[in-house]
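**Q** Sharing a model that was predicted from the sequence below.
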Amino acid sequence: MTSVSQANETELVTRAQGGDRNAFSELVRSHAQGVLHVIYRMCGDMSVAEDAAQETFIQAWLQLRSYRPGSSLRNWLYRIAVNTAVDMLRKEKRILPGAVEDLRLTDPQPGPEAMAANSERAETVQEAVLALPDASRAVLVLREYQGLSYHEIAEALDIPVGTVMSRLNYARKLLREKLEVQLFLFAEAENV
Amino acid sequence: MSDHILELLGAYLDGELHGGQLRKVEAHLEECQNCKEEVQSLQTLSAALRSAPVPNFLAPERLAGNVVLRLPRTPAKPMSHRVLEIGWWVAPVGLILTWIFLSTTLWVSNFVTTANELGLLSNVAAELVSGSSMEAYWSGTLGQFGLLAGDSLQWAEATEAFTRTTLPQITWQVSIALLYLSWMAIWWARHTRQEPNGLR
């Protein structure tokens, strides 16, 4: 991920707000990975995530002048990304099983058995995450995968911090119920 | 095992508890085996989630290139945030100025009316304030036709005077107060939205 300093980012935003496409392109490069990951965790499909990420940045360009420079650009982009992912899923009307193939491509385990076992586990976890309600899944994704604090999630999703906490508790409760066996096996494997 | 503590365990693991709540949860975990297991279970879930890999996406440069190709010429004209922001702060000032203006007008009107009734004003000034007379119209008319008399007429005149003068005053003052309180409530909600709720 290309990283730009806060001061540089502010300058890039100002230039992009004035219509500078090169400056906006720089911002896209800087935040591409984060946005792709958020959307992928929300929808579970690589190609959908790439399309939705492009749509996210186009929406960001269209709304750029409404962005307030004092706030976090990353969180602002994540909000658009989450909404775009949810819209895409509604349009697609499906949770995409293609994610399993996507995961096999990058599985670091060398052996075929380990690859199969990890892919199966990843698939089960992915399915459980994708089965969560949109609102809870968004909070979980931003916390668990992107590592945002509760305040940052509240800012990104424009919800109170208390709601972040309750949605996160709810998502974790559902996941633990669905993944009880897998979590037991995972804990066993971790302890070996 | 307290439900209240259970609700805080996720926030505890996420490092979102501070002060008294953090100490409370830490003290509880010292003595509650169930909650300790609960924390371990949450840690396992978190590790399982984070262990799920992500595929190799488009390189950021290529994604940026694709995005730039699809961009409209310039960012769309947005709603002007500055205008909205100024309007937001002008609203309560406008309400207060309106209240001051109406109150002053009313006070002057009452003062002139009283002075006129006491005969302190010249004829010209008296003509100017004649429109503010509190004379009851419909009750007087009904009285002329003999439909109201005595106590009933007095009651009708008092009611009419109330509805024509006091009631509108109460209505506009309450309206302004409600609008102002609504603005304050919205302001408060906007500023407390980001505040921690039960975490600190």
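**A** In hand now; what should we look at?
**Q** For the host helix or strand of residue B:83, give the mean pLDDT please.
**A** When secondary structure is defined by DSSP states H and E, residue B:83 falls within helix B:81-117. Along helix B:81-117, the predicted local confidence has a mean pLDDT of 82.
**Q** Which strands or helices does it pack on?
**A** Applying 3 or more Cβ pairs under 8 Å, 6 or more residues apart in numbering or on different chains; DSSP states H and E, we find helix B:81-117 packed against helix B:123-128, helix B:167-192. All C-beta spots, glycine's among them, are computed from the backbone N, C-alpha and C.
**Q** how close does the residue in chain A positioned nearest to chain B get to residue A:125?
**A** Residue of chain A nearest chain B, by Cβ to the nearest Cβ: residue A:162 (2.9 Å). As defined by Cβ to Cβ, to the nearest Å, residue A:162 lies at a distance of 27 Å from residue A:125.
**Q** Those two: which is more packed in?
**A** residue A:125 (22 against 16; other Cβ atoms under 10 Å in any protein chain shown).
**Q** OK, contacts around the more buried one?
**A** For residue A:125, the contact set (Cβ atoms under 8 Å, 6 or more residues apart in numbering or on different chains) comprises A:179, A:182, B:48, B:49, B:52.
**Q** got the angle between the host helix or strand of the residue of chain A closest to chain B and helix B:167-192?
**A** Using DSSP H and E, the secondary-structure element containing residue A:162 is helix A:161-178. Between the direction of helix A:161-178 and that of helix B:167-192, the angle (axes from the mean of the first three to the mean of the last three Cα atoms, to 10 degrees) works out to 50 degrees.
**Q** Compare the contacts of residue A:125 and tell me which is most surrounded.
**A** Across the contacts of residue A:125, the neighbour count under other Cβ under 10 Å reaches its highest value at residue B:48, namely 24 neighbours.
**Q** That one is in what secondary structure piece?
**A** Element membership for residue B:48, per DSSP H and E: helix B:33-51.
**Q** what helices or strands is the following helix or strand past that helix leaning on?
**A** Read in the C-terminal direction, the helix or strand following helix B:33-51 is helix B:60-70, with elements assigned using DSSP H and E. When contacts are defined as 3+ Cβ pairs under 8 Å, 6+ apart, helix B:60-70 sits against helix A:21-43, helix A:46-62.
**Q** Following element in sequence after the helix holding residue A:162, please.
**A** From helix A:161-178, the next helix or strand downstream (DSSP H and E) is helix A:180-191.
**Q** Just give me how far that next one sits from the chain centre.
**A** 25 Å (Cα atoms, centre = their mean, to the nearest Å).
**Q** Can I get that helix as PDB, trimmed to CA atoms?
**A** Taking only C-alpha atoms (Å, rounded to 0.1, in the frame of the first residue of the first chain), the coordinates of helix A:180-191 have been written out as PDB:
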ATOM      1  CA  GLU A 180     -18.500 -23.700  17.800                       C
ATOM      2  CA  VAL A 181     -16.900 -26.900  16.400                       C
ATOM      3  CA  GLN A 182     -14.500 -25.000  14.100                       C
ATOM      4  CA  LEU A 183     -13.300 -22.800  16.900                       C
ATOM      5  CA  PHE A 184     -12.700 -25.800  19.100                       C
ATOM      6  CA  LEU A 185     -10.600 -27.400  16.300                       C
ATOM      7  CA  PHE A 186      -8.800 -24.100  15.700                       C
ATOM      8  CA  ALA A 187      -8.000 -23.700  19.300                       C
ATOM      9  CA  GLU A 188      -6.600 -27.200  19.400                       C
ATOM     10  CA  ALA A 189      -4.500 -26.600  16.300                       C
ATOM     11  CA  GLU A 190      -3.200 -23.400  17.800                       C
ATOM     12  CA  ASN A 191      -2.200 -25.200  21.000                       C
END
